[in-house]
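S.K.: model this:
(3 chains)
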Amino acid sequence: MDFWTLANATVGGLLIGLVYGLSALGLSVIFGVIRIVNFAHGEIMVMGMFFALLMFRWLGLDPLLSVPLAAALMFGFGYVLQLLVVSRVSHLPEHMQFLLLAAIAIMIVSALLLVFGPDAQGVEVDYAWDSFAVGELIIDYPKMFAAIAAVIVASLLLAFFKCTATGKAIRACADNRMGAQVVGLNVSRLYALTFGIGAACLGAAGAIILLLFEVHPYLAPGYTLLAFVIVIIGGLGSLFGALVGGILIGVSEALAAVLFQPSMKTAFSFGLLILILLLRPQGLLGKAVR
Amino acid sequence: MTPVRRFFGPLSRAGLWLGGAFLLLLLLLPWWGSSYIMTVAITVFYLALIGQSWNLMLGFAGLLSIGHALFVGIGAYTAAYLFAAIGLPPVIGVLPAVGLAVLMGLLIGYLGFRFAIGGVYFALLTIAFAEFVRIVIDHVSWLGATEGFFLKVSAADRHGIDLANLRGAPEMYYYLIMALALGALVLCRFLLRSRLGYYWQAIRDDAEAAQALGVNILRYKMYAVAISSGMAGVAGVFYAFYQNSLFPEIVFNIERSIEATLGSIVGGVGTLFGPIFGTFILTPLGEIVTEAIDLLKHWGVIDPQIKLDGLKLLIWGFIVVLIVLFKPKGLWPWVCARLRLTRPEAEG
Amino acid sequence: MKTPKTPAVSRRTVLAGAGAGAVASAVPLRHGLAATALKVGVLLPRSGGQAQIGIECQYGADVALPILKSEGYPELEFMLGDTETKVDVARAQCERLIDAGAQAIIGCFDSGQTMAAAQVCEQKNIPLIVNIAAVPKLTELGYKWVFRNFPTGPMIVGDAFKNQKKLFGATGATPKTVALLHVNDTFGTSLAGALFALAPRFKMPYKIVEKIPYDPYGRDFSAEVRKVKGAKPDALWAVSRLNDAIAITKELVRQRVDLMGILSTGPGWYENAYLKATGKYGNDVVNLIPWYDENKPMTQKLKAAFKKAHPDLLLTTNQTFTFDACLIAADAFKRAGSTKNTDLQAALRKTNLTNNVGLGHAIKFNEKGQVPYVPCGAVQNRDGDLVVLLPQEAATGKPIWPMRPWRKR
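M.R.: Coordinates of the predicted model:
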């Protein structure tokens, strides 16, 4: 295996990893604050993909231009979902929360199936076939644009949590729910906001990823699993960790594919997940919580 | 009290009569049901068996598994491989099949305990193991890899009864899986009332207190894990010989693991009859929705060309959401209370 | 030309492992059928990953009905089944079709799905007439009810080797190294296996420098193609499906993997949907696949009928082999004179058809239910059209080899 193959694999994995990271961010935000594992993660993201597909079909909109729209739509969806449904199970044991979100996931997949059918569908942008070269390093435009868009959205999100009052309030909620209530924060509104923000991440990630891959309803469980792997590795609840985990998984899968067998590459992710769970269950960048 | 009465201790008189009538109806199913109803019933009992197994792990050992397809799959592949490779009949092959499933269960359970992985994290650990094994078997050529593993079939298989080789008429499979599911129920009931069961309850209610009293938590948890994964392994053997073809993509699919949980959660986690009851609600429900759609198409209410594949699961998902929101303890305790199926002081 | 209104057998998978396979209903057929017609269950992947190919196969069956009628064959009545591109659903749907009264099954395009259906047909004693499926095992298990007029993996690979030599000889351009990129499913692995088993016997002028299996459910093919590029082969040998063929082409162009040519043994690369999706980048791919003989009278009829029904589509293996499967069913039904399963089976065993559309002389099944030799041709993509290069007698054009570089298109 020569240097340039590895270099190309690494860069390709890095770019796609950033997009994966953005999607995992959505899972991490929700868990970090509401302490609920969103088993409908991939499904919400696939909704974003289909939305971007419609925008492309109807308005000829490049998926990257649909990103804010998809994010806004999914924000609304997440906000309402938390307020009306998920909030009602916060006192229930984990397996009931799991069942609720799994059932919602099944509903989303079925609804998408009814509306869009089971076949894979994609968008065809002008630059779909183009790439540029730096020496022997070849980078294709769709992947590069997708990665840039992912970085922008993720930075906006991190800035929101660092700099705005609402963001700080949500973080306060995450650290100490009782305390947040004592100082007069409206926790249930903040939770709805959080779920909305998490879902918005997924909407954005979905629109971005449509640029790279085709979409069909059954895609969702795979993305849910992928996001789990990433956030566990990065640290469930750690925002920066999700991005790092995304990059790590992107690069390690790309390298595993060129060094071993491409069809084995996901086994490496799950192997890595098992190791992290056993050796550092809080994840690489997570705080020990248990 | 007679042994029968003792076994069904918590059931009230009404519950006993109703349960007895229902059981009789099921025993006579081949005489009144179509082959379609029988295949649905086989599915129900099969899922009830897996549901019992899953319920045991969560309800008794407090471990949330979303990787139960792994134990089922290991059982299925082991028995099928031994049958195809050296002609070992499944009646014997079930032993190594269960053995391997139990070993895998113990491995995951031990790791989870040793590294103090609980709750959602343990669930993810089970998912990760199931996916990992799936991808590995995808690449094991002597197990058929992605090509699938096929058991030899012939027209003669569909007749008679050959329990040792698990070959025979559909009725044989029906009574077998019914016996297995009810056997699992009896086993769970027995365990719950045994000394083991009291330890489990003690650990579940307050692990620290139990430990302070000298209960070896690891050991008792491992008992539950072993029994649970072993039961799933038995279900796997049945699956292999009923289906005759195994594909990693299908056997180890996370959907299989999720559906293993649904019946129990809907019926009521930690209850004895919950898993069976839940499966008896859910599976036929899906079928009824499908039938209703077919009927509407037939009557011309819906255009027959329209594909409504998603509709069934959409309605089904909606009902599950309603159950979680409004009957979070499961339907079985609620139905029991409503119909006075159990005596007030106890729930099965 | 539309399929007569028969009920599409709806999906009946309980969300269950056992259920998915087990629940095949005995709900009676809801449309009365003419007493004289043979009820044929056409089981294809109509949805899911292989949907487009499955639907293209169905077109072949649709246009077959009026042609067979005009040729004096007794009537076939189709019952449609959808495998959803899943083996377990293929199994369940096959059971359901038979329980609903199907007297023969045609299908299933995909090797794995056909294997699953074959088990059901074998247990229920219903003839399965395979339209497309290459896995050798299908006719090696001693099944009595499976009949296949399609080449096995080794036949496809053997003919591919022969035709490659002719191609290299005619153009004077011979690759020294070849990388194999194959889908890791029943069809892909069986073809890859045949390739390595047969390569020494054919003394090919090139070395296979890399073997890259990939996930049939994969989305991202950048790593696979990067691996191809790293091996620096002269030519690429691909065994694919449709969506992956398109995605791989995209990656080949983006990653600027310039090759002497792409050799494909299998579906995907000549598909109508492929030509549409890839445009100029789909040009010059050489498909070494079972094909049809333009010179046969039946082919002319099929071509005309297909052109009329689908003016924007090219006739391919998908339609012709499904058509031939229908022809086999109608012919056996005619000679059997009854819809009884054992009569049909006996008639199928004595099949001797020369008025088919596929390449080769006659359709005759051996004792395994396999047509002993189904020849393959070489077909090249050219500006939205398909040009037959080989065999010589069916050729419609000259090869472009080496293929034109990506950047100069």
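
S.K.: Could you work out the end-to-end span of stretch C:350-369 for me?
M.R.: 10 Å (Cα to Cα, to the nearest Å).

S.K.: touching chain B at all, that stretch?
M.R.: No. Stretch C:350-369 is not in contact with chain B by Cβ under 8 Å from any Cβ of the partner chain; minimum separation 14.4 Å. Using the backbone N, CA and C atoms, a C-beta is placed for each residue, glycine as well.

S.K.: which residues touch the residue nearest the centre of chain C?
M.R.: The centre of chain C sits closest to C:Ile132, judged by Cα atoms, centre = their mean, with a distance of 3.8 Å. Contacts for C:Ile132 (Cβ atoms under 8 Å, 6 or more residues apart in numbering or on different chains) come out as C:57, C:109, C:150, C:317-318, C:321-322.

S.K.: Now with 10 Å, please.
M.R.: Counting by Cβ atoms under 10 Å, 6 or more residues apart in numbering or on different chains, C:Ile132 touches C:44, C:53, C:57, C:60, C:107-111, C:114, C:148-151, C:187, C:267, C:290, C:317-318, C:320-322, C:325.

S.K.: C:Pro405 too?
M.R.: C:256, C:258-259, C:284.

S.K.: All the strands of the stretch 301-409 of chain C, residue numbers only.
M.R.: C:376-382, C:385-390 (DSSP state E, counting those that start in this stretch).

S.K.: Return the distance of stretch C:184-197 from the chain's centre.
M.R.: 15 Å (Cα atoms, centre = their mean, to the nearest Å).

S.K.: And the pLDDT at residue 66?
M.R.: Just going to use chain A. pLDDT for A:Ser66: 95.

S.K.: ah, I was thinking of chain C
M.R.: 94.

S.K.: check which helix or strand covers it.
M.R.: Taking DSSP states H and E as the definition, C:Pro66 sits inside helix C:51-70.

S.K.: what about that helix and chain B, any contact?
M.R.: No. Helix C:51-70 lies out of reach of chain B by Cβ under 10 Å from any Cβ of the partner chain, never closer than 11.2 Å.

S.K.: can you give me the strands for chain A?
M.R.: All strands of chain A, identified by DSSP state E, fall at A:131-134, A:137-140.

S.K.: now what about the first one, what contacts it?
M.R.: Going back to what we said before, that points to strand A:131-134. By Cβ under 10 Å, 6+ apart, strand A:131-134 touches A:7, A:11, A:138-144, C:251, C:253-256.

S.K.: do the same with the last one
M.R.: Strand A:137-140 has contacts (Cβ under 10 Å, 6+ apart) with A:4, A:7-8, A:10-12, A:15, A:127-133, A:146-147, A:212, C:222, C:226, C:229, C:250-251, C:253-257.

S.K.: would you list the contacts of strand A:131-134 in TSV and tack on pLDDT, neighbour count and distance to C:Pro175?
M.R.: Converted to TSV, these look like this (pLDDT from 0 to 100; neighbours: other Cβ atoms under 10 Å in any protein chain shown; distance: Cβ to Cβ, whole Å):
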residue	pLDDT	neighbour count	distance to C:Pro175
A:Ala7	91	15	26
A:Val11	93	19	29
A:Ile138	90	20	22
A:Ile139	92	17	28
A:Asp140	90	24	26
A:Tyr141	93	17	30
A:Pro142	93	23	30
A:Lys143	93	22	29
A:Met144	95	15	32
C:Glu251	92	23	20
C:Val253	94	22	19
C:Arg254	91	23	22
C:Gln255	91	21	19
C:Arg256	91	14	18
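
S.K.: worst-scoring helix or strand of chain C, pLDDT-wise?
M.R.: helix C:17-22 (a mean of 34; mean pLDDT, DSSP states H and E).

S.K.: the inter-axis angle of whatever helix or strand comes next after that one versus helix C:51-70?
M.R.: Note on helix C:17-22: by DSSP H and E, the next helix or strand toward the C-terminus is strand C:38-44. Per axes from the mean of the first three to the mean of the last three Cα atoms, to 10 degrees, the angle that strand C:38-44 makes with helix C:51-70 is 160 degrees.

S.K.: Off-centre distance for strand C:38-44?
M.R.: For strand C:38-44, the distance to the chain centre is 17 Å (Cα atoms, centre = their mean).

S.K.: again, but for stretch B:200-208
M.R.: Worked out by Cα atoms, centre = their mean, stretch B:200-208 lies 24 Å from the chain centre.

S.K.: Also stretch C:217-227?
M.R.: With Cα atoms, centre = their mean as the basis, stretch C:217-227 stands 24 Å off its chain's centre.

S.K.: Can you give me the end-to-end span of it?
M.R.: End-to-end distance (Cα to Cα), stretch C:217-227: 18 Å.

S.K.: That one close to chain B?
M.R.: Yes. For stretch C:217-227, a contact with chain B is found by Cβ under 10 Å from any Cβ, at C:Tyr217.

S.K.: Where does pLDDT dip in the stretch 151-290 of chain A?
M.R.: Counting by pLDDT under 70, the ranges of the stretch 151-290 of chain A that qualify are A:287-290.

S.K.: which stretches of it form helices?
M.R.: A:165-175, A:177-182, A:187-210, A:220-234, A:239-259, A:265-279 (DSSP state H, counting those that start in this stretch).

S.K.: List of residues touching the second one?
M.R.: In this structure, residues lying in contact with helix A:177-182 by Cβ under 10 Å, 6+ apart are A:33-35, A:169-174, A:176, A:185-188, A:190-191.

S.K.: Can you name the residues of the stretch 101-250 of chain A sitting close to chain C?
M.R.: Counting by Cβ under 10 Å from any Cβ, the residues of the stretch 101-250 of chain A that sit close to chain C are A:106, A:113, A:117-120, A:122, A:124, A:127-133, A:136, A:138-143, A:209, A:212-216, A:218-219, A:222-223, A:250.

S.K.: Only the buried subset of those, as a PyMOL command please.
M.R.: This is the PyMOL syntax for the buried subset of those, where burial follows 16 or more other Cβ atoms under 10 Å in any protein chain shown:
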select buried, chain A and resi 106+113+117+118+119+120+122+128+129+131+138+139+140+141+142+143+209+212+213+214+215+216+218+219+223+250
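
S.K.: what are the ranges of the helices in chain C?
M.R.: For chain C, the helices defined by DSSP state H cover C:17-22, C:51-70, C:87-99, C:111-124, C:153-171, C:186-202, C:222-231, C:242-254, C:272-278, C:297-309, C:317-336, C:341-349.
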